[in-house]
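> 3D model of this:
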Amino acid sequence: MPNRTKEMLAESLMKLLARRTLDKITIQDIVDDCGYNRQTFYYHFHDIYDLIDWIFAAQTQELIEKCRACGSLDVGVEAVIAYMRGNRRLILNILRSVNGEKLLDNLYRSAQSIVLSALENHPGVQELSAEYRELVAEAFKYALAGLLIDWMRAGIPEDRVHKIHTMKAIYIGALEYALDTVRGLQALNLDIERDL
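Residues are numbered from 1 along each chain as shown. Reported below is the predicted structural model:
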């Protein structure tokens, strides 16, 4: 039952975000929309930003499961692109709010999680140490998140989707090169902290 309550609060916030920016939404607006009271909200969340974090964590988990199911970064990136296109107004209303940086922080965390989950089933990745896998995921987190942040800041225009797909193909090709590079570094027993 508690998760259903959280889901209903999240659905109400997302519905409200389709119409206005985050800084124009109050906790009272959220609870009025879903029929709860403020006490119920505060039982589950500290504030609206805590609810936003919960929403992103839940949605990121869905994307991670898609990546794990197919073991493909390509599918993970496609899922993120589809999500952003389908939730354009919501994303832009969070980004344009007073605390739009919160969205960017969540995007960076989500990008790293998605890359790591896609790498789990990638051929030859299991032979890499966790440290090297994290290093590759961190590098591609910045590439993926940077691409998506630029797209968001431009307003998530449809005319840039082709460019995003092209860049995604470049990143996936670069991933193979990066994995070959870290395999070589690992074979040489280089300590990341000490030698790089």
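
> and the longest helix for this structure?
Taking DSSP state H as the criterion, the chain has its longest helix at helix 161-187.

> hey, where'd the helices end up in this protein?
Under DSSP H, the chain gives helices at 2-17, 27-34, 38-44, 48-70, 73-86, 88-95, 101-120, 130-153, 161-187, 192-195.

> which strands or helices does the third one pack on?
By that I understand helix 38-44. Judged by 3 or more C-beta pairs under 8 Å, 6 or more residues apart in numbering; DSSP states H and E, helix 38-44 is in contact with helix 2-17, helix 27-34. Quick note: C-beta positions are derived from backbone N, CA and C, even for glycine.

> mind listing what's buried along it?
Neighbour-count burial for helix 38-44 flags Phe41, His44 (criterion: 16 or more other C-beta atoms under 10 Å).

> quick one: average pLDDT of it?
Summarised as a single mean, pLDDT over helix 38-44 is 96.

> do the same with the second one
Model confidence over helix 27-34 averages 97 on the pLDDT scale.

> buried ones in stretch 51-63?
Buried-residue list, stretch 51-63, by 16+ other C-beta under 10 Å: Leu51, Ile52, Asp53, Trp54, Ile55, Phe56, Gln59, Thr60, Leu63.

> hang on, I meant stretch 126-139
Leu128, Tyr132, Arg133, Glu134, Leu135, Val136, Ala137, Ala139.

> now render those as a markdown table, adding pLDDT and distance to Arg4.
Listed next are these as a markdown table, based on pLDDT from 0 to 100; distance: C-beta to C-beta, whole Å:
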| residue | pLDDT | distance to Arg4 |
| --- | --- | --- |
| Leu128 | 87 | 40 |
| Tyr132 | 87 | 41 |
| Arg133 | 87 | 36 |
| Glu134 | 87 | 35 |
| Leu135 | 88 | 39 |
| Val136 | 88 | 38 |
| Ala137 | 86 | 33 |
| Ala139 | 89 | 39 |
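
> which two among the residues you listed are spaced furthest apart?
Leu128 and Ala139 (13.3 Å; C-beta to C-beta).

> how about residues contacting stretch 9-29?
30-31, 33-34, 36, 38, 40-42, 44-45, 47-48, 51-52, 54-55, 58, 87, 89-90, 93-94, 96-99 (C-beta atoms under 8 Å, 6 or more residues apart in numbering).

> one more time with 10 Å, if that's ok
30-38, 40-42, 44-45, 47-49, 51-52, 54-55, 58-59, 87-100, 102-103 (C-beta atoms under 10 Å, 6 or more residues apart in numbering).
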